[in-house]
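1. pasted the sequence and its predicted model underneath.
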Amino acid sequence: MNRTAAIDTAREWSTRDATGNPAAAIIETRQLGVRYGTQTALTGVDMQLRRGRITAVIGPSGCGKSSFLTCLNRLTDLIPGCRVDGEIRLDGESISGDAVDLVALRRQVGMIFQKPNPFPLSIARNLDLPLKELGLRKTADRRDRAVWALEQAGLWSEVADRLDAPALSLSGGQQQRLCIARAIALAPAVLLMDEPCSALDPIASERIEALIQELSGRYTVVVVTHNLAQARRIADDTALFWLQDGAGRLIEMGATAQMFEQPRHELTQAYVNGRCC
Ligand SMILES: Nc1ncnc2c1ncn2[C@@H]1O[C@H](COP(=O)(O)OP(=O)(O)OP(=O)(O)O)[C@@H](O)[C@H]1O
């Protein structure tokens, strides 16, 4: 199948769910492109991310996966020389332009990075601080919300008796779950995860994977991963990006089982079977 046909297929898929009904997209991109100075990292991405589902973004190094993710909550605004073209809609509303409240956007669309990045403060303060900024004025309310978020992240039983300990004294996997709790505490609609397990040992990775699966349904998760087995285990939907003619492009997107078992595009077939890169 040529590239245009595959993208048409991706478009057709992305507007229908498994029963043929229109899919409920929470995020939609149209002709999304990212440039760093004169270099085009990503071009022409038309994609719909479905509400409450886990979408894995896969593809070889340099094909624009992280650039795609960082567009979705406009962290790209913080990169000098970076320019984003096209359209991104969250719940039908454009997130482009100067009128958008970026603090509110980033609360709605939280980000988890490859390397856990807790604040160099106590475990409790890692949650209390953002909740204060969110406007929760009563200490008891903030504490309740913090406990709830730690429970959601599967961390509460491990830290309940040492909330005043430094966050950096936690293991890498616990720090990553703390970062997920910190994001969840702000009640986001979408969680973006950029290789959230790649800095962790296999056991900690397994816990994060299990946590991502538990979050499914309540949050929309977009996870960039180089680990194809992980994408297959945790993702409902999978999108393959590829570097073609010097720019990253969306090649194919579909339900994960279809992408791995019956890929439509030859690049997907080769990539998921480890026959290239
Ligand atoms: N801040 C930046 N400044 C300049 N160029 C950048 C920047 N970030 C990414 N790029 C370039 O954009 C292209 C896409 O990078 P990106 O990190 O989005 O790809 P990726 O698929 O996530 O790669 P990887 O799998 O290696 O993390 C690359 O050529 C990269 O060098």
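-> Great, that's in hand.
2. please make it C-alpha for all contacts and neighbour counts, starting now.
-> Fine.
3. quick one: low-confidence residue ranges for the stretch 1-150 of the chain.
-> Applying pLDDT under 70 to the stretch 1-150 of the chain flags residues 1-23.
4. now the helices for it?
-> 3-14, 65-71, 102-108, 123-134, 139-152 (DSSP state H, counting those that start in this stretch).
5. so where do the helices sit in the stretch 151-277 of the chain?
-> Using DSSP H, counting those that start in this stretch, helices in the stretch 151-277 of the chain cover 156-159, 172-185, 202-215, 228-234, 256-261, 266-272.
6. helices or strands up against the second one?
-> Packing partners of helix 172-185 (3 or more Cα pairs under 8 Å, 6 or more residues apart in numbering; DSSP states H and E): strand 109-112, helix 123-134, helix 139-152, helix 202-215.
7. buried residues in the third one?
-> If I follow you right, that is helix 139-152. Within helix 139-152, the residues that count as buried by 16 or more other Cα atoms under 10 Å are 142-143, 145-150, 152.
8. quick one: contacts of it?
-> Contact with helix 139-152 is made by 124, 127-128, 131-132, 136, 156-157, 178, 181-182, 184-185, as judged by Cα atoms under 8 Å, 6 or more residues apart in numbering.
9. nearest to the ligand, of the helices of the stretch 1-150 of the chain?
-> Distance to the ligand, taken as Cα to the nearest ligand atom, is lowest for helix 65-71 among the helices of the stretch 1-150 of the chain, at 3.6 Å.
10. quick check: I58 vs the ligand, distance?
-> 8 Å (Cα to the nearest ligand atom, to the nearest Å).
11. what's the answer for L191, then?
-> Taken as Cα to the nearest ligand atom, the span from L191 to the ligand is 17 Å.
12. got it, and L211?
-> 23 Å.
13. same question for R233.
-> As judged by Cα to the nearest ligand atom, R233 and the ligand stand 19 Å apart.
14. R249 versus that residue, what's the distance?
-> According to Cα to Cα, to the nearest Å, R233 stands 24 Å off from R249.
15. more crowded one of these two?
-> Neighbour totals were compared for R233 and R249, and R249 leads with 26 against 14 (other Cα atoms under 10 Å).
16. list the contacts of that one.
-> 42-45, 63-64, 241-243.
17. kindly report the same for D91.
-> 25-27.
18. what of D161?
-> Contacts of D161 (Cα under 8 Å, 6+ apart): none.
19. what are the bridge partners for the closest residue in space to I112 that isn't next to it in sequence, then?
-> Sequence neighbours aside, M193 is the residue nearest to I112 in space, at 4.7 Å (criterion: Cα to Cα, 6 or more residues apart in numbering). In this entry, M193 is beta-bridged to I112, V223, by DSSP bridges.
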